[in-house]
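Chemist: how would this look folded up:
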Amino acid sequence: MYDLSKVVVTSSPHIKADDDTRSLMLDVLVALLPALCVAVYTFGPRALVLTVITMVACAVFETIYNKIIGHPNTIGDLSCFVTGMLIAFNVPVSAPWWMLVFGALFGIIIVKMLFGGLGKNFMNPALGARAFMMASWVGLMTTWTQPHASLPLIGTVNVTDAISTATPLASLKAGALPEASLLELFLGQTGGVICETSALALIAGGVYLLWRKVITINIPAAYILTVAVLTFLFPMGDVSRVQWMLSQVLSGGLMLGAIFMATDYVTSPVTPKGQIIFGIGCGLLTVFIRYFGGLPEGVSYSILIMNTLVWAIDKATHPRKFGYALDKKKEAQ
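Modeler: Residues are numbered from 1 along each chain as shown. Alright, predicted model coming up:
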């Protein structure tokens, strides 16, 4: 017989787990390292310098904000470093360092901390920062450099270093296949923002996150498959459907957005059904913007738009409690 007098009853929750915010964010940072390594190989050490500057800026701004409001410093959960890394990953390597600092200021203070900090922001801070920089410095945000060009570590990039041919997405926007081969698109040897070019590195990071159970397959699969199906069914121009579809999937920020930003815990649905709906919505908007929008890319804006609808998706897909329908019928009687 058990001595029940020794049983201590405490308040919920009773389930204990080793995972916490810090460990989850650390896993995300590890998963982003392959893409960063490819970026440094493709665009040079300037990519690493800009990434470090942005991460430090995010940590500084979060520390200052917490100090002003008298709140304990929260940089220990590492979320600000993930935000800084993703902000840097979403700009061209030719971008000046001061622009990324302003992006970090907007993403951390305006998008994240003013809404209450981690867990209370309604949109992804890194994507909010990217949208801010795109609206403020569109020229700097759309100046692409040649892979393996010799660039200064921090200084201004000369115009002669800018790529003169169309980027893969710009070619696709015009209804033509990109000059780069599918293998080059897969490996990341093309123009683009710092860490969106290598689908292989981003997929490797996604596999790591799935293995660590940091994310589920629902959103990335629904997002990427929606883009793949739509672009296969509705190609632009007289081109091979398969090649057109693969070029759309491997170009731009689709892999980066689907794996690392659309899966953000705070700004994505919590139910499996809701996550699939969210991913499909992101895919539909991405293709719509790529085909009919003024910009060749639509990943960032599609995720931001869907971020604003997460509350409705969660409400519509939230599982009902057992006996809920029966109770409602009794009330009607």
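Chemist: any idea how far G279 is from I110?
Modeler: Here the distance between G279 and I110 works out to 27 Å (Cβ to Cβ, to the nearest Å). Heads up, the C-betas are built off the backbone N, CA and C, glycines and all.
Chemist: more crowded one of those two?
Modeler: Relative neighbour count places G279 above the other of G279 and I110, with 27 against 15, counting by other Cβ atoms under 10 Å.
Chemist: I'd say the more buried one and T216 touch.
Modeler: No. Counting by Cβ atoms under 8 Å, T216 is not a contact partner of G279; they are 10.5 Å apart.
Chemist: least confident secondary structure element in this protein?
Modeler: helix 324-332 (a mean of 51; mean pLDDT, DSSP states H and E).
Chemist: low pLDDT regions in the stretch 101-250 of the chain?
Modeler: Low-confidence regions of the stretch 101-250 of the chain, defined here as pLDDT under 70, cover residues 159-166.
Chemist: where do the helices of it begin and end?
Modeler: Counting by DSSP state H, counting those that start in this stretch, the segments of the stretch 101-250 of the chain that form helices are 125-136, 138-141, 168-173, 182-187, 199-211, 218-233, 241-250.
Chemist: JSON lines please, covering these and showing distance to A57.
Modeler: Conversion of the helices of the stretch 101-250 of the chain to JSON lines gives the following (distance: least, Cβ to Cβ, whole Å):
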{"stretch": "helix 125-136", "distance to A57": "11"}
{"stretch": "helix 138-141", "distance to A57": "17"}
{"stretch": "helix 168-173", "distance to A57": "28"}
{"stretch": "helix 182-187", "distance to A57": "30"}
{"stretch": "helix 199-211", "distance to A57": "23"}
{"stretch": "helix 218-233", "distance to A57": "28"}
{"stretch": "helix 241-250", "distance to A57": "31"}
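Chemist: ok, which of those comes nearest L304?
Modeler: Between L304 and the helices of the stretch 101-250 of the chain, the tightest spacing by Cβ to Cβ is seen for helix 125-136, at 5.4 Å.
Chemist: packing partners for the closest one?
Modeler: Judged by 3 or more Cβ pairs under 8 Å, 6 or more residues apart in numbering; DSSP states H and E, the packing partners of helix 125-136 are helix 79-89, helix 97-105, helix 138-141, helix 299-307.
Chemist: the inter-axis angle of that helix versus helix 97-105?
Modeler: For helix 125-136 against helix 97-105, the angle by axes from the mean of the first three to the mean of the last three Cα atoms, to 10 degrees is 130 degrees.
Chemist: what about the helices of the stretch 101-250 of the chain, which gets the closest to F260?
Modeler: helix 199-211 (7.2 Å).
Chemist: could you give me the buried positions within the closest one?
Modeler: Under the neighbour-count criterion of 16 or more other Cβ atoms under 10 Å, helix 199-211 has 199-203, 205-206, 208-209 buried.
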